[in-house]
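K.L.:
Sequence and computational prediction follow.
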Amino acid sequence: MTADPHYRLPPGVAFPRWREGPAAEEWVVYHEGTGQTLRLSAAACVLLDALARGPLDRGRLSEALASAFADPPGPAELESALDGLLEGLVRHELIETLEAPAVPAVNHDPPQPPGGEVPRGAAAPTLQARTRPRDPPTTGTQRLGELSQAEVSARLRTGLALVTGPFVFRIVSHLPLVAANLHRLYADFPLAEGTFADFHVRVDPVAGSRRWFKPQAQFWLDGLTPFKPLPRDQAYAMLEWGMNWCIAGHAHHYLMLHAAVLERAGRALILPGDPGAGKSTLTAALMLDGWRLLSDEITLIDRRDGRLYGLARPVSLKNASIEVIRAHAPAAVFGDVARDTHKGTVSHLKPTPDSVARTGEPAQPAWIVFPRWKRDTPARLTPHPKAAAFLHLASHAFNYSLLGATAFDLTARLMDACTCWDFEYGRLPEALAVFRELAEA
């Protein structure tokens with residue numbers, strides 16, 4: 001007689017649990033071997049939870065599944081559901097079969113980091129990074145704003161070394177538009193000492209007949225051109241986009257999320273958002289309301305300890321957002337407007353001096369808020385499921401798949417540390433009041 005097959009979790013399967021609602025609705029699962037991050041059904045998570053304590057046969061799994069229902073289905077319906085769940089979990093390699101229970105039950109709970117188990121919702125321990133970030137760049141006492149615009153232009157011809165958070169950009173350009181906007185928007189940023197730079201970039205006119213009609217500018221990194229040239233009046237916007245591209249494509253000693261991030265009283269607010277959701281508008285308004293800007297585009301999570309670090313570079317505002325912030329804060333400093341870009345009309349907002357001065361200070365994650373602007377809608381926060389937030393951040397990260405299990409661990413501990421919210425708003429003053437209350441709670 002053939003023994004009833006047993007099932008078990010293979011090595012490398014992890015599933016953090018957040019019990020803010022029905023527990024199984026708040027679970028995600030990760031398979032290190034395949035790199036999959038999935039949000040599973042409640043019933044599938046019940047089976048994984050049962051198997052976390054060791055191999056089980058079909059009968060025990062059926063009992064575990066039945067016990068999860070307040071009103072269990074009939075035997076035939078239960079067996080049909082179990083068949084489908086087991087088939088799906090085996091197909092995704094989240095469980096595997098044992099033809100006979102030849103080995104004793106083994107606890108297959110996900111391995112814990114050094115220091116023992118961390119209860120969900122508690123502070124996360126320091127994680128060991130596979131690649132240690134280098135020490136912060138050496139900065140001089142001179143700020144870019146201490147130079148005249150003519151001096152900035154002169155330095156740009158041979159290379160101006162600018163410190164932006166943990167990175168040094170050595171920028172070369174012969175374009176007056178680039179010099180004028182750097183002088184205006186980066187006045188509070190320090191200049192680097194020494195010859196080292198993380199990124200050597202250049203923005204200059206395209207040579208040839210193009211310079212006489214439809215003049216264009218090109219972005220270079222280390223002598224290579226990763227983008228097509230753009231109209232010359234978009235040169236400064238191209239520089240900002242190119243700097244983002246440099247970081248997102250190379251700074252893998254951080255987990256990098258596509259989200260804005262700000263800080264107040266040591267706690268960080270992460271703002272993911274789809275285009276048109278009002279993320280940049282809200283980011284700019286919060287910065288001008290006293291929050292410290294870390295970044296309007298890239299959230300940097302240190303792989304050693306899960307804390308967040310900032311760049312404090314200018315906030316990119318698009319289309320109607322530009323005039324909204326001008327009206328909200330008439331004294332705010334903007335760069336030149338670039339029109340007809342692939343993002344529409346674009347202008348950059350100067351970061352506050354406090355944001356720039358404190359770029360080296362890390363922040364502890366506290367809130368993840370998904371903003372959505374709707375005309376004339378009252379400002380309100382509503383809970384957002386942590387599993388859904390996890391998958392959104394993972395799918396919108398710049399290097400989640402590259403970092404694999406490290407990215408999963410960091411994102412899971414980010415969920416542990418944060419409350420997650422949806423936020424609708426139609427008027428900035430109301431929105432700012434809601435976030436002041438959130439920060440003070």
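P.N.:
Sure thing, it's come through. Residues are numbered from 1 along each chain as shown.

K.L.:
residue ranges for the helices of the stretch 201-350 of the chain, please.
P.N.:
235-250, 279-288, 320-328 (DSSP state H, counting those that start in this stretch).

K.L.:
any idea what sits nearest the residue nearest the centre of the chain, other than its immediate chain neighbours?
P.N.:
For the chain, the residue nearest the mean C-alpha position is residue 257 (1.7 Å; Cα atoms, centre = their mean). Of all residues not flanking residue 257 in the chain, residue 299 sits nearest, at 4.0 Å (Cβ to Cβ, 6 or more residues apart in numbering). Bear in mind the C-beta positions are built from the backbone N, C-alpha and C, glycine included.

K.L.:
just residue 142 next, same as before
P.N.:
Spatial nearest neighbour of residue 142, chain neighbours left out: residue 191 (5.1 Å); criterion: Cβ to Cβ, 6+ apart.

K.L.:
Poorly predicted segments of the protein, please.
P.N.:
1-3, 17, 19-26, 99-140, 209-212 (pLDDT under 70).

K.L.:
quick one, strands of the stretch 151-300 of the chain?
P.N.:
160-164, 167-173, 190-192, 199-205, 216-221, 230-231, 254-258, 260-264, 267-271, 292-295, 298-302 (DSSP state E, counting those that start in this stretch).

K.L.:
so the first one versus strand 167-173, what angle?
P.N.:
Between the axes of strand 160-164 and strand 167-173, defined by axes from the mean of the first three to the mean of the last three Cα atoms, to 10 degrees, the angle is 150 degrees.

K.L.:
Strand 160-164 to strand 199-205, inter-axis angle?
P.N.:
Going by the same axes, to 10 degrees, strand 160-164 makes 120 degrees with strand 199-205.

K.L.:
Tell me which residues are up against strand 160-164.
P.N.:
Here strand 160-164 makes contact (Cβ atoms under 8 Å, 6 or more residues apart in numbering) with 137, 139, 144, 152, 168-172, 182, 186, 189-193, 197, 243, 311-313, 359.

K.L.:
Filter the residues you listed down to the buried ones.
P.N.:
Buried residues within those, counting neighbours by 16 or more other Cβ atoms under 10 Å: 137, 139, 144, 152, 168-172, 182, 186, 189-192, 197, 243, 311-313, 359.

K.L.:
helices or strands next to the helix or strand that residue 77 is a member of in the packing?
P.N.:
Assigned by DSSP states H and E, residue 77 belongs to helix 75-91. Packing partners of helix 75-91 (3 or more Cβ pairs under 8 Å, 6 or more residues apart in numbering; DSSP states H and E): helix 42-51, helix 58-67.

K.L.:
What is the burial count for the residue nearest to residue 392 when sequence neighbours are not counted?
P.N.:
Spatial nearest neighbour of residue 392, chain neighbours left out: residue 272 (6.0 Å); criterion: Cβ to Cβ, 6+ apart. A total of 21 residues lie near residue 272 under the criterion other Cβ atoms under 10 Å.

K.L.:
any idea how far residue 272 lies from residue 388?
P.N.:
11 Å (Cβ to Cβ, to the nearest Å).

K.L.:
How about residue 195?
P.N.:
As for residue 195, its distance to residue 388 is 47 Å (criterion: Cβ to Cβ).

K.L.:
ok, the two, which is more surrounded?
P.N.:
Legend: neighbour count by other Cβ under 10 Å for residue 195 and residue 388, higher for residue 388 (16 against 8).

K.L.:
what about that one, helix or strand, and which?
P.N.:
helix 386-396.

K.L.:
Buried by neighbour count: which residues of whatever helix or strand comes next after that helix qualify?
P.N.:
Later in the chain than helix 386-396, the nearest helix or strand by DSSP H and E is helix 400-403. Using 16+ other Cβ under 10 Å as the test for burial, helix 400-403 gives 400, 403.

K.L.:
now stretch 434-441
P.N.:
434, 435, 438, 439.

K.L.:
sorry, back to before: can you give me the angle the helix holding residue 388 makes with strand 254-258?
P.N.:
100 degrees.

K.L.:
In this structure, which strand is the longest?
P.N.:
Scanning the chain for the longest strand, with DSSP state E as the assignment, gives strand 364-373.

K.L.:
tell me what that strand is packed against?
P.N.:
strand 267-271, helix 279-288, helix 386-396, helix 405-417, strand 419-425.

K.L.:
How far does that strand sit from its chain's centre?
P.N.:
In terms of Cα atoms, centre = their mean, to the nearest Å, the centre of strand 364-373 is found 11 Å from the chain centre.

K.L.:
is it true that residue 261 touches residue 291?
P.N.:
No: Residue 261 is beyond contact range of residue 291, at 9.9 Å (criterion: Cβ atoms under 8 Å).

K.L.:
The two: which is more packed in?
P.N.:
It is residue 261, of residue 261 and residue 291, that has more neighbours when counted by other Cβ under 10 Å, with 29 against 24.

K.L.:
Pull the contacting residues for the more buried one.
P.N.:
268, 269, 270, 271, 294, 295, 299, 308, 310, 363.

K.L.:
what pairs with it across the strands?
P.N.:
residue 270, residue 295 (DSSP bridges).

K.L.:
just to revisit the earlier point, my guess is the residue nearest to residue 392 meets residue 394, correct?
P.N.:
No: the criterion here is Cβ under 8 Å, and residue 272 misses it with residue 394 at 10.9 Å.

K.L.:
Spatially, which residue comes closest to residue 321, not counting chain neighbours?
P.N.:
Per Cβ to Cβ, 6+ apart, closest to residue 321 is residue 281, 4.3 Å.

K.L.:
The one you found: what's it in contact with?
P.N.:
317, 321, 324, 325, 373, 428.

K.L.:
measure residue 29 to residue 47 for me?
P.N.:
11 Å.

K.L.:
Neighbour count: the two, which is higher?
P.N.:
More crowded of residue 29 and residue 47, by other Cβ under 10 Å: residue 47, with 26 against 22.

K.L.:
Could you report the distance from the residue lying closest to residue 393 once chain neighbours are set aside to residue 233?
P.N.:
Leaving aside its chain neighbours, residue 393 sits nearest to residue 257 (5.4 Å; criterion: Cβ to Cβ, 6+ apart). Between residue 257 and residue 233 the distance is 31 Å, computed by Cβ to Cβ.

K.L.:
now residue 65
P.N.:
Taking Cβ to Cβ, one finds residue 65 at 63 Å from residue 233.

K.L.:
Looking at those two, which is more packed in?
P.N.:
residue 65 (21 against 18).

K.L.:
pretty sure that one is touching residue 48, no?
P.N.:
No: the pair residue 65 and residue 48 does not pass the contact test of Cβ under 8 Å, sitting 11.4 Å apart.

K.L.:
Kind regards, and thank you for your time.
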